[in-house]
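Student: Next come a sequence and a model predicted from it.
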Amino acid sequence: MRVDVGVKTLAALTLSIAAFVTAISAATAQSGSPNVVRRQQDMKAMADAAKSINAMFKGMSPYDSKLFKAAAETIRSQSGTALSALFEGSVTATGSKASSNIETERQQFDKLAKDLGAFAAALSVAADRNPDKIGPGMRMQAGDPVAGGGPLAKKIDVARDATSMSAEHAFHLMLQTCTSCHAKFRVESK
């Protein structure tokens with residue numbers, strides 16, 4: 001059973017992706033230390049991969065399981081411990097928009113980086129399971145577990161539950177993870 005996502009939800013998701021890509025693009029235009037440049041390059045690669053996946057879900061690009069998987073693997077390989085390692089030590093540097101909150105709230109930052117990888121891994125598995133088309137099982141489902149929500153929402157263990165939800169839901173939660181991380185750990189330009 002497919003749950004139709006409302007026009008407002010899709011519009012909000014499109015705006016989130018656009019804001020995410022714009023933020024990453026702006027960050028990569030600045031210069032900085034080699035570590036800062038590497039972080040920015042990796043973030044841009046993840047943003048481009050997310051745009052590719054989004055275009056396939058929206059039907060703006062034809063579904064290609066190999067490209068879908070490659071995009072998911074780009075995000076997976078550059079998240080988790082790989083992402084956390086790029087933010088070790090003093091994270092504030094010339095050209096960086098990383099907040100010093102990363103240093104003081106390392107455990108939360110590392111969890112978001114790990115969750116990002118788990119959602120991306122779920123997308124990679126979904127591509128393997130759906131070689132020809134975005135099947136019904138890849139679309140949002142009524143029974144998809146909720147990662148957040150109100151006080152009565154069932155909380156999930158992302159590492160355990162990401163592969164049991166639809167790929168589209170995992171994708172949305174992955175984007176929410178990016179947005180949450182940027183809201184908490186990124187200094188906004190004024």
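Tutor: Right, received. Where do you want to start?
Student: List the residues that contact residue 127.
Tutor: Going by C-beta atoms under 8 Å, 6 or more residues apart in numbering, residue 127 touches 65-66, 68-69, 72, 167. Bear in mind the C-beta positions are built from the backbone N, C-alpha and C, glycine included.
Student: and those residues, which two are the farthest apart?
Tutor: Spatially, the most separated pair among those is 66 and 167, at 15.0 Å (C-beta to C-beta).
Student: Please identify which of those two sits among more neighbours.
Tutor: residue 167 (29 against 9; other C-beta atoms under 10 Å).
Student: which residues does the more buried one contact?
Tutor: 122-123, 126-127, 130, 134, 137-139.
Student: Save those as a markdown table, and put in pLDDT, secondary structure and distance to residue 100 too.
Tutor: Below are the contacts of residue 167 laid out as a markdown table (pLDDT from 0 to 100; DSSP: H, G, I helix; E, B strand; the rest coil; distance: C-beta to C-beta, whole Å):
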| residue | pLDDT | secondary structure | distance to residue 100 |
| --- | --- | --- | --- |
| 122 | 93 | helix | 32 |
| 123 | 96 | helix | 32 |
| 126 | 95 | helix | 37 |
| 127 | 96 | helix | 37 |
| 130 | 95 | coil | 42 |
| 134 | 95 | coil | 41 |
| 137 | 84 | helix | 43 |
| 138 | 93 | helix | 39 |
| 139 | 93 | coil | 40 |
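Student: List only those of these flagged as buried.
Tutor: Listed as buried from the contacts of residue 167 are 122-123, 126-127, 130, 134, 138-139; burial here means 16 or more other C-beta atoms under 10 Å.
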